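S.K.: Got a sequence here, can you build the structure:
(one chain, ligands or ions: 1)
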Amino acid sequence: MVTGPSGGVPLGGVPLVGVPLVGVPLGGVPVGRWSVGPAREEELDAVGTVTAGAYLADGLVDADAWYTDELRDARGRAASARVLVARSDEGAVLGTLTLAPAGGPLAEVARAGELELRMLAVDPAARGRGVAEELVRTALERAVLEGRTVVLSTLDAMASAHRLYGRLGFRPAPDRDWHGSGGIALRTWTWTPPQGPGPEVERVTWPPLRTVTTPSGWRVGLSEGLTRRANSALAPQDDPAAALGPQVLDEVEDVFAAAGLPSVLRLDGAAGRPGGATAGMLRARGYAVRVTTLVLVTDDPLRAAALAVGRDPAPGGEDGSGSGDGDADGGGPGVPDGLDLSGRPEPEDDWLDLWLGEKAGVGTSGAGLSRAAAARTLLSGAPATYLTARRAGRTVGVLRVAPAGSWAALACLVVAPGERRRGTGRRLVAAGLRHAVDGGAERVFLQVEAENHAARRLYGRLGLRPADAYRYAERPAGDRRGRGAPAILA
Ligand SMILES: CC(C)(COP(=O)(O)OP(=O)(O)OC[C@H]1O[C@@H](n2cnc3c(N)ncnc32)[C@H](O)[C@@H]1OP(=O)(O)O)[C@@H](O)C(=O)NCCC(=O)NCCS
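M.R.: You can find the predicted model right below:
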């Protein structure tokens, strides 16, 4: 029999559907709109109450057990682990999850390089809304950002939680099962990120207008400042982990300076992570990480599309409309709420206007092309389909679908600000996923900024999983050779 160091019940795999509330002082929590983020200091007492309350409600602990006190002590665990919280827009704590790095006092089974998930708990009054899933998915994103894999322990009785873990890509690791105090059997599950497309496939779907290869083999994309993706330096194709030294930086900076653009480096893997030697060297040279990007993937695009459509607003919902997803391929019949989806091999002017409107202030560098012309030329660098959502003839949403071998990339999703939260984004993504499959794609990826909570949530709810992460380090305009250069904002 194996006994873990602290021998507790490590993870409350709470059911995701309503559980009767038995003598638990919770309930009555408003659960309209909510979000997940790091717990704030002033929330920690409520986090403890929700954690202990959820375990008590499920009969996983007794009120006077030592472990119940441990569950209640969110303040204590926040000192050595990260505590995530799901909070309603009104500020009520709906659920929580603790992220314990290997080697820390809260890690029970984590090995080097693993992040251990512990004490998942959702207030019984807030169940059935995907709170637990959002908490776990956020933890997976954190793990990918940090280059870690994930581990957790659970009880046989937690069937709903097992379904959740399975859906998110966890797999049982029976050789790591263990026994806690009182001989309680704990099952270990692990998660490793799914295979991502990698920088080369990503680049095929979004090639820069011009690429200059430096003597060291770094490829500097130059596209009039329009999008970081097409205006950044990428490591050599045959040596993606190539070290970044002063000579490489000199070469890259010269290319950007000659183009009148700030230096932007795409840093994959450990190179971009805070704390590493590269990060220190870049900071000393005036660079700062401006954006962290997650690569999300699905190897079941049709399921993701079905999930998207299944969550369409019900007839008579917020917008008083029905559901439907139109015909993304040929501008087919309209749908009950008047949203019409169509696809073309080139972006129309309205398509470009909406996409560029989201990137207000971005490029061009002033070197030549107008912004719209630069955008059109940039986009036409790879074959793609441009989906447009129209309502009453007005363009209200856009999306680009670009094939690359067995992959397809979704990009440029924008919904007009006045049209958000009515299902347009979901329906565009559903149409894009189906279009990708019709075109022969087996897997679909997209890139999303780690800070873009709305988009991450949209994609996450469709089952897209974090596979990879990279950062853009940028030397602010006004520094050495970057002086006076326009910032790249997208
Ligand atoms: C992200 C974006 C495309 C979403 O479009 P949308 O039409 O509002 O999305 P939907 O109405 O289909 O929302 C679907 C789900 O996404 C999530 N979501 C969307 N907006 C959200 C927000 N502001 N906060 C939290 N979740 C949000 C929700 O889970 C939502 O489902 P719900 O309304 O049932 O809770 C839109 O906010 C947008 O254009 N943002 C600016 C451009 C951008 O960030 N694009 C993504 C680039 S990767």
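
S.K.: so Glu253 is in which element?
M.R.: When elements are defined using DSSP states H and E, Glu253 is found to belong to helix 246-258.

S.K.: what does the average pLDDT come to for that helix?
M.R.: With pLDDT averaged residue by residue, helix 246-258 scores 95.

S.K.: Report the buried residues of it.
M.R.: Residues Val248, Leu249, Glu251, Val252, Glu253, Val255, Phe256, Ala257 are the ones in helix 246-258 that count as buried (16 or more other CB atoms under 10 Å). Heads up, the C-betas are built off the backbone N, CA and C, glycines and all.

S.K.: And those, which is closest to the ligand?
M.R.: Of all those, the one sitting nearest the ligand is Phe256; the distance, using CB to the nearest ligand atom, is 25.0 Å.

S.K.: ok, and the closest non-adjacent residue to the closest one?
M.R.: Ser263 (4.5 Å; CB to CB, 6 or more residues apart in numbering).

S.K.: And for that neighbour, the neighbour number?
M.R.: Using other CB atoms under 10 Å, Ser263 is surrounded by 28 other residues.

S.K.: All further residue positions should be reported with the first residue as 6.
M.R.: With the count now opening at 6, the last piece we talked about shows up as Ser268.

S.K.: returning to what we had before: let me have the buried residues of helix 251-263 in CSV, extended by distance to the ligand.
M.R.: As requested, the buried residues of helix 251-263 are exported to CSV (distance: CB to the nearest ligand atom, whole Å):
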residue, distance to the ligand
Val253, 29
Leu254, 29
Glu256, 31
Val257, 26
Glu258, 29
Val260, 28
Phe261, 25
Ala262, 30
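
S.K.: how close does the residue nearest to Phe261 get to Leu231?
M.R.: Distance of Ser268 to Leu231, computed by CB to CB, to the nearest Å: 16 Å.

S.K.: what about Thr298, which SS state?
M.R.: Each residue gets one of three states, and Thr298 gets strand by DSSP: H, G, I helix; E, B strand; the rest coil.

S.K.: The residue nearest to it when sequence neighbours are not counted bridge partners, please.
M.R.: In space, Thr298 comes closest to Gln452 once its chain neighbours are excluded; the distance is 5.1 Å by CB to CB, 6+ apart. The bridge-partner assignment for Gln452, based on DSSP bridges, gives Val300.

S.K.: can I assume Gln452 is in contact with Val300?
M.R.: Yes: with contact defined as CB atoms under 8 Å, Gln452 reaches Val300; the gap is 5.6 Å.

S.K.: which neighbours do the two share?
M.R.: Counting by CB atoms under 8 Å, 6 or more residues apart in numbering, the common neighbours of Gln452 and Val300 are Glu207.

S.K.: which of these two has more neighbours?
M.R.: Remark: of Gln452 and Val300, Val300 carries more neighbours, 24 against 19, as counted by other CB under 10 Å.

S.K.: thinking again about what came up before, what angle do the next helix or strand after the helix holding Glu258 and helix 251-263 make?
M.R.: The C-terminal neighbour of helix 251-263 among helices and strands, as given by DSSP H and E, is strand 269-273. Angle between the axes of strand 269-273 and helix 251-263 is 140 degrees (criterion: axes from the mean of the first three to the mean of the last three CA atoms, to 10 degrees).

S.K.: Can you tell me what sits against strand 269-273?
M.R.: By CB under 8 Å, 6+ apart, the residues outside strand 269-273 that reach it are 204, 233, 236-240, 245, 249, 257, 261, 283, 287, 292, 294-295, 473, 475-479, 493.

S.K.: which of those residues count as buried?
M.R.: Buried residues within the contacts of strand 269-273, counting neighbours by 16+ other CB under 10 Å: 204, 233, 236-240, 249, 257, 261, 283, 287, 292, 294-295, 473, 475-479, 493.

S.K.: so what's the closest residue to the ligand within the chain closest to, chain neighbours aside?
M.R.: Residue of the chain nearest the ligand, by CB to the nearest ligand atom: Gly430 (2.6 Å). Nearest residue to Gly430, sequence neighbours excluded (CB to CB, 6+ apart): Val420, at 4.9 Å.

S.K.: if I pick that neighbour, what's in contact with it?
M.R.: The neighbourhood of Val420, defined by CB under 8 Å, 6+ apart, consists of Ala394, Val401, Gly402, Thr429, Gly430, Leu433.

S.K.: Thank you kindly, that will do.
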